[in-house]
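A.B. asks: Here is the input, now give the coordinates:
(chains A and B)
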Amino acid sequence: MTFPDLLSVFTDFAFMRRALAGCLVLSVAAAPIGVFLMLRRLSLTGDAMAHAILPGVAAGYLLAGLNLWAMTAGGLVAGLAIALMASAVTRLTPLKEDTSLATLYLVSLALGVILISARGSAVDVMHLLFGSVLAIDDTALVFIGIVASITVVAFAILWRPLVMECIDPGFLKAVGGRGAVIHVAFMLVMVLNLIAGFQALGTLLSVGLMMLPAASARFWTRRLGTMTALAMFLAVVASVIGLTASFAANLPSGPAIIVAAGVLYALSVTFGPMGGLMARFRPARHRTG
Amino acid sequence: MDFKTNTQPTGGAALAFLNATIGYDRHPALHHVSASFPAGSMTAVVGPNGAGKSTLLKAAIGHIRPIEGDVWISGCRRTEIAYLPQLAEIDRNFPLPVFDFVAMGLWRRRGAFGGFRRDDDEDVARALAGVGLIGFEQRPLDTLSGGQLQRVLFARLALQDAPLILLDEPFTAVDDRTVGDLMDIVTGWNAEGRTVVAVLHDLDLVRRSFPRTLLLARRVVAEGSTDSVLTAEHLAAARHYIEAWDEAAPYCEAEPAR
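C.D. replies: A predicted model of the protein is given here:
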């Protein structure tokens, strides 16, 4: 089969078309979140939050079945509750944020799995954890579109204070910028995107579409705007390759997309000019001044 | 520094501490301090380590609330104060060029969303030129030396166009030439009518360049003209006053002010 043949799956099958549209929109929204998570050294926070939303999603599923809005509301509540509880424990006790978040998300994940297995089947667990392109119906597409629109608008408003909060939080505080509000708004947008992503990629892997393209883009440029655009592009490429491979080889779509993003990441780590491995072994030439 | 395009004569703001006790965890770093920094004045804050000098500045910008007493600012809002922390927690690995970093100083004028106009760009360029960093606009922060980063921070302070400027040990770990250049900038700010308060350790520099001095040792040891403050007796007294942090120190029984 040639490459154009492979791409014809998107023209031939409506569900593949919807999956592609969903993944492309998700890529554009998730990539800038990943860039800021990486630059703020919060990469694992994204992962933790992805686990933390599971019991909420599961509760929504148990109450209303595969109802998008119930699962979304549950995920939002669970994600925000975990984020707020983690920061409360951080502020009120000697534990640092990474530890308090880790403890909470592990419990949260365990609760989620118990909830699902109490009522559902193993297939349900697999579906929630790893997603399925078949789950992307029109409602899900609309939801992904809404979340992506919110994300783009939020970034337009938050961009400047978010950059300042990352690079010099003390300055933002001194000039009266509300760093805590910026942080909460950013976390909220992230949770929304994780929930939008779990339809296609599952809760476990939706964070992958954020982090892997962002980490890859870091190896190609040192400019924030370019890095964000490149991360979006890499996420789009990973989505197309992953979905195609998933159809051709009958693989689960979420993992296929993440593995595709992983391959792009490996290429970036190896060949990227900004600190990639090959750049390290090039003969070191220096300029005269 | 030349800021003709955007500087209407600012007029300094005044800062005063009225019987302020400021500290951490109920242990005062500053105990019943009353001190004033009149509008347009230029004051050095000196004292041994642990004297509460940084605490004084942090209380001025509102990062710490006084346990007792008051901090008064007149002539500007608290968020309009330009403040240079001792160890700015700057993430120098963040991919932002010098130009964008310095442009943060325009926050008061442009806020989170305001577009940058041509005169904003020109002001940033002029601020960079004023600290001797022409041609550094697109350099990432992590390629700067310690002295260059300090110059960048001064360029941002200049852009803030603040009537009250607080500097916490601005000249540590920079070479003599940089100290000279930056000191000229500080003197220029004061000549424009801005109020300057600087925490310093170099007493020779203080004697040369600062008309007023506040000598702290968890309380005010002396305040006034630099010559009258930096005497041998006052300095010896300041060293004497710095006691160890006492976990079991009795509660202060002094009458609360007001």
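A.B. asks: In chain A, where is pLDDT below threshold?
C.D. replies: A:1-3, A:120-125, A:128, A:133-135, A:199-200, A:203-204, A:283-284, A:289 (pLDDT under 70).
A.B. asks: need the residues of it near chain B, please.
C.D. replies: A:39, A:157-158, A:160-161, A:163-164, A:166-171, A:173-177, A:221-224, A:227 (C-beta under 8 Å from any C-beta of the partner chain). (Glycine included, C-beta is placed from N, CA and C.)
A.B. asks: Now which of those would you call buried?
C.D. replies: The neighbour-count criterion (16 or more other C-beta atoms under 10 Å in any protein chain shown) marks A:39, A:158, A:160-161, A:163-164, A:166-171, A:173-175, A:177, A:221-224, A:227 among the residues of chain A next to chain B as buried.
A.B. asks: For residue 82, give me its contacts.
C.D. replies: Let's take chain A. A:48-49, A:52-53, A:101, A:104-105, A:108 (C-beta atoms under 8 Å, 6 or more residues apart in numbering or on different chains).
A.B. asks: The chain in question should be chain B.
C.D. replies: B:157, B:160, B:162, B:164-166.
A.B. asks: Just the buried ones from the contacts of residue A:82?
C.D. replies: Buried among these by 16+ other C-beta under 10 Å: A:48-49, A:52-53, A:101, A:104-105, A:108.
A.B. asks: re earlier: just the ones of the residues of chain A next to chain B in helices?
C.D. replies: Judged by DSSP state H, helices contain the following of the residues of chain A next to chain B: A:39, A:157-158, A:160-161, A:163-164, A:166-167, A:169-171, A:173-174, A:224, A:227.
A.B. asks: in the chain, which spans are helices?
C.D. replies: Since you didn't name a chain, this refers to chain A. So, for chain A - with DSSP H - the helices run A:3-12, A:14-39, A:43-52, A:54-64, A:68-92, A:97-119, A:122-130, A:138-167, A:169-174, A:179-201, A:208-217, A:224-248, A:253-271, A:277-281.
A.B. asks: my bad, chain B
C.D. replies: With DSSP H as the criterion, chain B has helices spanning B:53-60, B:98-103, B:107-110, B:118-130, B:146-160, B:176-191, B:203-209, B:226-229, B:232-241.
A.B. asks: who wins for proximity to chain A among the ones you listed?
C.D. replies: Comparing the helices of chain B against chain A with C-beta to the nearest C-beta, the closest turns out to be helix B:107-110 (4.7 Å).
A.B. asks: contacting residues for the closest residue to chain B within chain A?
C.D. replies: Nearest to chain B in chain A, going by C-beta to the nearest C-beta, is residue A:176, at a distance of 3.2 Å. Going by C-beta under 8 Å, 6+ apart, residue A:176 touches B:77-79.
A.B. asks: could you redo the last one with a cut-off of 6 Å?
C.D. replies: Taking C-beta atoms under 6 Å, 6 or more residues apart in numbering or on different chains as the criterion, residue A:176 is in contact with residue B:79.
A.B. asks: Next one: the residue of the stretch 51-200 of chain B at minimum distance from chain A from residue B:111, what distance?
C.D. replies: Nearest residue of the stretch 51-200 of chain B to chain A: residue B:79, at 3.2 Å (C-beta to the nearest C-beta). Distance, residue B:79 to residue B:111, using C-beta to C-beta, to the nearest Å: 11 Å.
A.B. asks: for residue B:164, same thing?
C.D. replies: Residue B:164 is 20 Å from residue B:111, by C-beta to C-beta.
A.B. asks: cool, and residue A:101?
C.D. replies: For residue A:101 relative to residue B:111 (C-beta to C-beta), the value is 32 Å.
A.B. asks: Excluding chain neighbours, what is closest to residue B:82?
C.D. replies: residue B:162 (3.6 Å; C-beta to C-beta, 6 or more residues apart in numbering or on different chains).
A.B. asks: Dihedrals phi and psi, the one you found?
C.D. replies: phi -90, psi 140 (degrees, to the nearest 10).
A.B. asks: Same drill for residue B:164 and residue B:111, tell me which one is more crowded.
C.D. replies: Legend: neighbour count by other C-beta atoms under 10 Å in any protein chain shown for residue B:164 and residue B:111, higher for residue B:164 (26 against 13).
A.B. asks: who in chain B is up against chain A?
C.D. replies: B:61, B:79, B:83, B:85, B:89-91, B:94-96, B:104, B:107, B:112, B:140 (C-beta under 6 Å from any C-beta of the partner chain).
A.B. asks: Buried only: go through the contacts of residue B:82 for me.
C.D. replies: B:157, B:160, B:162, B:164-166.
A.B. asks: Reformat these as a markdown table; add pLDDT.
C.D. replies: Formatted as a markdown table, those follow (pLDDT from 0 to 100):
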| residue | pLDDT |
| --- | --- |
| B:157 | 93 |
| B:160 | 92 |
| B:162 | 92 |
| B:164 | 95 |
| B:165 | 95 |
| B:166 | 95 |
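A.B. asks: so which of these comes closest to residue B:229?
C.D. replies: residue B:166 (18.9 Å; C-beta to C-beta).
A.B. asks: The closest one contacts residue B:57, doesn't it?
C.D. replies: Yes - counting by C-beta atoms under 6 Å, residue B:166 touches residue B:57, with 4.7 Å between them.
A.B. asks: Skip the chain neighbours and tell me the closest residue to residue A:11.
C.D. replies: Counting by C-beta to C-beta, 6+ apart, the residue nearest residue A:11 is residue A:17, at 7.5 Å.
A.B. asks: Next one: the nearest residue to residue A:148 once chain neighbours are set aside relative to residue B:251, how far apart?
C.D. replies: Counting by C-beta to C-beta, 6+ apart, residue A:29 is the residue found nearest to residue A:148 once chain neighbours are left out, at 3.9 Å. Distance, residue A:29 to residue B:251, by C-beta to C-beta: 55 Å.
A.B. asks: Looking at these two, which one has more neighbours?
C.D. replies: Taking other C-beta under 10 Å, residue A:29 and residue B:251 do not tie; residue A:29 has more neighbours (27 against 6).
A.B. asks: The residue nearest to residue A:148: what's it in contact with?
C.D. replies: A:148, A:151, A:193.
A.B. asks: show me what contacts the last one?
C.D. replies: Right, residue A:193. A:29-30, A:33.
A.B. asks: try 10 Å
C.D. replies: A:26, A:29-34, A:46, A:49-50, A:144, A:147-148, A:150-151, A:206-207, A:209-210 (C-beta atoms under 10 Å, 6 or more residues apart in numbering or on different chains).
A.B. asks: ok, now which ones touch the nearest residue to it once chain neighbours are set aside?
C.D. replies: Here the nearest residue to residue A:193 in space, its sequence neighbours aside, is residue A:30; by C-beta to C-beta, 6+ apart that works out to 5.2 Å. Applying C-beta under 10 Å, 6+ apart, we find residue A:30 in contact with A:23, A:37, A:46, A:147-148, A:151, A:190, A:193-194, A:196-197, A:201, A:206-211, A:213-214, A:231-232, A:235.
A.B. asks: in stretch A:129-149, what counts as buried?
C.D. replies: A:129-133, A:135-136, A:140-141, A:143-145, A:147-148.
A.B. asks: Any chance of the backbone angles for the residue of chain A closest to chain B?
C.D. replies: Dihedral angles (degrees, to the nearest 10) for residue A:176: phi 90, psi 10.
A.B. asks: Residue B:56: neighbour count?
C.D. replies: By other C-beta under 10 Å, 28 other residues sit near residue B:56.
A.B. asks: Equivalent analysis for residue B:66, please.
C.D. replies: 19.
A.B. asks: Identify whichever of the helices of chain A lies nearest to residue B:206.
C.D. replies: Short answer: helix A:169-174, nearest of the helices of chain A by C-beta to C-beta, at 24.6 Å.
A.B. asks: If you tally nearby residues, what's the number for residue A:34?
C.D. replies: Going by other C-beta under 10 Å, the residues that sit close to residue A:34 add up to 28.
A.B. asks: which non-adjacent residue is nearest residue A:157?
C.D. replies: residue B:113 is the one closest to residue A:157 (C-beta to C-beta, 6+ apart), at 6.4 Å.
A.B. asks: so what's residue 231 up against?
C.D. replies: This is for chain A. A:27-28, A:30-35, A:38, A:209-218, A:220-221.
A.B. asks: Chain B, not that one
C.D. replies: Residue B:231 neighbours (C-beta under 10 Å, 6+ apart): B:215, B:222, B:237.
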